[in-house]
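Participant: generate coordinates for the sequence data below:
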Amino acid sequence: MDNRSIDLKHSNLTRRLSTGIRELDNALGGGLLPGTLTMIIGATGVGKTQFAMHFYHADIGIDGHGDGCPGAIIDLSSRGDSQNHFGYHERMFAQKLTAGNIELDNLACPFQTGRPNDILPFLGYSGQRVLRSQLDTDQWHAWQSAMNRRMPQLFRFVYGHLIHGTRRFIVDGIEPQLSSSDSLQLDLVE
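Facilitator: The predicted structure is shown next:
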């Protein structure tokens with residue numbers, strides 16, 4: 001064994017990602033574990049999206065001049081009433097989010113200069129119910145076709161963010177269902 005001391009304070013074994021909420025970070029032993037998937041589940045209106053906005057902003061620092069960069073948001077809301085990320089973020093941090101347009105087939109190349117948009121409304125706020133049990137065969141095939149057409153934009157969005165240093169990704173807007181097998185949004189997350 002090597003005689004060098006191991007600096008656990010800065011190792012990946014002990015380093016945590018701030019949630020953006022100091023009290024919660026303290027309760028979690030410093031924050032969330034890097035490289036893990038953390039799911040925040042709760043009823044409508046309990047603060048999941050507001051928490052996501054804190055996490056999105058946490059790496060920037062309170063004054064906007066931290067060491068990191070903001071996160072990225074993939075919005076899977078389909079009801080037509082977006083999760084209001086824009087309003088929450090502007091009220092909480094006095095900054096506007098930028099949005100990509102999933103309907104465009106020409107999202108910017110991930111190697112562009114400058115950071116990609118902050119949020120990608122992946123389902124396009126179509127107002128369509130996203131329940132597998134309510135789709136007939138033709139509707140199911142149309143849904144799969146639409147998702148297949150949108151996947152390249154999603155890949156460019158995520159990859160562009162990774163290239164530009166984003167390390168916090170938020171997937172929001174998964175609607176509760178009685179059965180997980182009925183949720184097309186959970187299929188997308190997987």
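
Participant: buried set for the lengthiest helix in the chain?
Facilitator: Ranked by number of residues, the top helix in the chain under DSSP state H is helix 137-163. Neighbour counts over helix 137-163 (16 or more other C-beta atoms under 10 Å) mark 150, 153, 154, 156, 157, 158, 160, 161 as buried. Any C-beta I mention is one placed from the backbone N, CA and C, and that applies to glycine too.

Participant: adding pLDDT and distance to residue 59, write those out as CSV.
Facilitator: Below are the buried residues of helix 137-163 laid out as CSV (pLDDT from 0 to 100; distance: C-beta to C-beta, whole Å):
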residue, pLDDT, distance to residue 59
150, 84, 27
153, 86, 24
154, 88, 22
156, 87, 22
157, 89, 18
158, 90, 17
160, 88, 17
161, 90, 12
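
Participant: need the max-distance pair from those.
Facilitator: By the measure C-beta to C-beta, 150 and 161 form the most distant pair in the buried residues of helix 137-163, at 16.6 Å.

Participant: in TSV, list the buried residues of helix 137-163 along with distance to residue 21.
Facilitator: Conversion of the buried residues of helix 137-163 to TSV gives the following (distance: C-beta to C-beta, whole Å):
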residue	distance to residue 21
150	32
153	31
154	28
156	31
157	26
158	25
160	28
161	23
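
Participant: which of those sits closest to residue 18?
Facilitator: residue 161 (18.4 Å).

Participant: who does the nearest residue to the closest one once chain neighbours are set aside bridge with?
Facilitator: Sequence neighbours aside, residue 72 is the residue nearest to residue 161 in space, at 4.4 Å (criterion: C-beta to C-beta, 6 or more residues apart in numbering). Using DSSP bridges, the bridge partners assigned to residue 72 are residue 169.

Participant: lowest-scoring secondary structure element of the chain by mean pLDDT?
Facilitator: helix 184-189 (a mean of 72; mean pLDDT, DSSP states H and E).

Participant: show me what that one is packed against.
Facilitator: In terms of contacts (3 or more C-beta pairs under 8 Å, 6 or more residues apart in numbering; DSSP states H and E), helix 184-189 is not packed against any helix or strand.

Participant: for the residue nearest in space to the middle of the chain, what are its contacts?
Facilitator: For the chain, the residue sitting closest to the mean C-alpha position, by C-alpha atoms, centre = their mean, is residue 170 at 1.7 Å. Contacts for residue 170 (C-beta atoms under 8 Å, 6 or more residues apart in numbering) come out as 52, 55, 56, 71, 72, 73, 74.

Participant: and if we set it to 7 Å?
Facilitator: Residue 170 is in contact with 52, 55, 56, 71, 73, counting by C-beta atoms under 7 Å, 6 or more residues apart in numbering.

Participant: separation between it and residue 182?
Facilitator: Here residue 170 is placed at a distance of 23 Å from residue 182 (C-beta to C-beta, to the nearest Å).
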